[in-house]
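Engineer: let me see the structure of the following:
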Amino acid sequence: MALTGRQFTIAAGDHEATVVEVGAGLRRYAVGGDDVTVTYGDDDLPPKGCGAVLVPWPNRLRGGRYAFDGQTLQVSLTDPATGNANHGLGRWARWVAVAQEPSEVTLALDIVPQTGWPFEVRVEVTYAVHAEFGLGVTAVARNTGSRSAPFGAGFHPYLSTRGRALSEVRLRVPAQERLMVDDAQIPVGNKAVARTTYDLRRGRRLRELRLDDAFTELTMSDGRAAVDVRTPAGGGRVWFDEAFRYVQVFTPEIVAGGRPGIAVEPMTCPADAFNSGIGLLVLEPGATWTGSWGIQPL
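Structural biologist: Numbering: from 1, shown residues only. Coordinates of the predicted model:
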């Protein structure tokens, strides 16, 4: 068995995606055999969060510590370099496939009460491919417990550069503000992108620019925002609905197989939202949250 557990492959027309049991992550999305996303091997763990589902919080939680409902809580630290807890509790859990058809699959996880997380939230993520519209992903979270629960969600796909160098990539991010961070990569404020090298609203070649930055104040059209990654060999678009008010863009030189990639991460809240309260969702008992995003080839 692959290190990421069972592999669920769905297809429609020339579109094919593989979703994994461990973490419910997206391992591959391809059209006509060409990878739209960065793909990692069966015998590999997801590199750099590749394709991960980030619940019940995305990005970093300072020191793994937060206060909620009059109680101070501490979760395990998963990012030793910065001393933070990174990307939630679902990445290394075995999710359960609760529905599968040729073109879609739904995986579910009950995030059980544990040290630093005395809450009960069930998350279901449905991946579906469409011969015309590409890959669509819908997430639903429900508080199955008896007390209010803090919650945030994010997703971590990497778009392929189609064999081209990062310097050749043309990136468009429809955001008016970039989040400023401290040495622990925790947000300390926002800054307008206008008249800076981070103004990507009209699209520009990366050249020497490298990013590990969150953006907000996103321009929506028909209830969606979209980040475009284009190269001379093709590209992809990550779109997301109004449930996601932040997007992280990360441009590592190597993701998998010696290849670069562009992570486009839609998030409901920025890093450390459990402490700042910015964008934080509070799910009352029985309440649900839902959000959708997807990828289209360009």
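
Engineer: how about residue 77, phi and psi?
Structural biologist: Per-residue torsions, residue 77: phi -80, psi 130 (degrees, to the nearest 10).

Engineer: surely it touches residue 62?
Structural biologist: No: in this structure residue 77 lies outside contact range of residue 62 using Cβ atoms under 8 Å: 10.4 Å. From N, CA and C alone the C-beta is placed, and that goes for glycine too.

Engineer: between those two, what contacts are shared?
Structural biologist: Both residue 77 and residue 62 are contacted by residue 84, under the criterion Cβ atoms under 8 Å, 6 or more residues apart in numbering.

Engineer: which of those two has more neighbours?
Structural biologist: Legend: neighbour count by other Cβ atoms under 10 Å for residue 77 and residue 62, higher for residue 62 (20 against 15).

Engineer: so, low pLDDT: which residues of the stretch 51-200 of the chain?
Structural biologist: Along the stretch 51-200 of the chain, the model assigns pLDDT under 70 to no residue.

Engineer: surely residue 198 and residue 179 touch.
Structural biologist: No: counting by Cβ under 8 Å, residue 198 stays clear of residue 179, with 10.4 Å between them.

Engineer: how far does stretch 72-83 sit from its chain's centre?
Structural biologist: Put simply, stretch 72-83 sits 20 Å off its chain's centre (Cα atoms, centre = their mean, to the nearest Å).

Engineer: oh, I was asking about stretch 43-58
Structural biologist: How far stretch 43-58 lies from its chain's middle: 8 Å, per Cα atoms, centre = their mean.

Engineer: please report phi then psi for residue 273.
Structural biologist: phi -60, psi -30.

Engineer: which residues does it contact?
Structural biologist: Contacts of residue 273 (Cβ under 8 Å, 6+ apart): 57, 152, 279-280.

Engineer: and if we set it to 6 Å?
Structural biologist: Residue 273 sits next to 152, 279-280 when contact means Cβ atoms under 6 Å, 6 or more residues apart in numbering.

Engineer: per-residue pLDDT, it?
Structural biologist: What the model reports as pLDDT for residue 273 is 98.

Engineer: how long is stretch 211-225 from one end to the other?
Structural biologist: Terminal residues of stretch 211-225 are spaced 19 Å apart (Cα to Cα, to the nearest Å).

Engineer: should've said stretch 279-294
Structural biologist: Start-to-end, stretch 279-294 (Cα to Cα) is 21 Å.

Engineer: what does that stretch contact?
Structural biologist: 135-143, 146, 148-151, 239-241, 243-245, 266, 268-269, 273.

Engineer: can we see that at 8 Å?
Structural biologist: Residues outside stretch 279-294 that contact it (Cβ under 8 Å, 6+ apart): 121, 133-143, 145-153, 155, 238-241, 243-246, 266-270, 273-274.

Engineer: which one (most neighbours) among the contacts of residue 273?
Structural biologist: Neighbour-wise, the contacts of residue 273 (other Cβ under 10 Å) top out at residue 152, 25 neighbours.

Engineer: just want the most central residue of this protein.
Structural biologist: Centrality entry for the chain: nearest residue to the mean C-alpha point is residue 155, 1.6 Å, by Cα atoms, centre = their mean.

Engineer: what secondary structure does residue 274 sit in?
Structural biologist: Here residue 274 is recorded as helix under DSSP: H, G, I helix; E, B strand; the rest coil.

Engineer: who are the contact partners of the residue of the chain most remote from its centre?
Structural biologist: Checked against the mean C-alpha position of the chain, the extreme residue using Cα atoms, centre = their mean is residue 70, at a distance of 29.6 Å. Applying Cβ under 8 Å, 6+ apart, we find residue 70 in contact with no residue.

Engineer: for it, give its distance to residue 147.
Structural biologist: Distance, residue 70 to residue 147, by Cβ to Cβ, to the nearest Å: 11 Å.

Engineer: and for residue 37?
Structural biologist: The value you get for residue 37 to residue 147, if Cβ to Cβ is used, is 37 Å.

Engineer: the two: who's more crowded?
Structural biologist: Set residue 37 next to residue 147 and count neighbours by other Cβ under 10 Å: residue 37 wins out with 27 against 14.

Engineer: and the nearest residue to that one once chain neighbours are set aside, how many neighbours?
Structural biologist: What sits nearest to residue 37 in space, not counting adjacent residues and going by Cβ to Cβ, 6 or more residues apart in numbering, is residue 29, at 4.5 Å. Residues lying near residue 29 (other Cβ under 10 Å) number 28.

Engineer: and residue 29, which of the three is it?
Structural biologist: Classification of residue 29 by three-state DSSP places it in strand.

Engineer: ditto for residue 167
Structural biologist: The local conformation at residue 167, judged by three-state DSSP, is helix.
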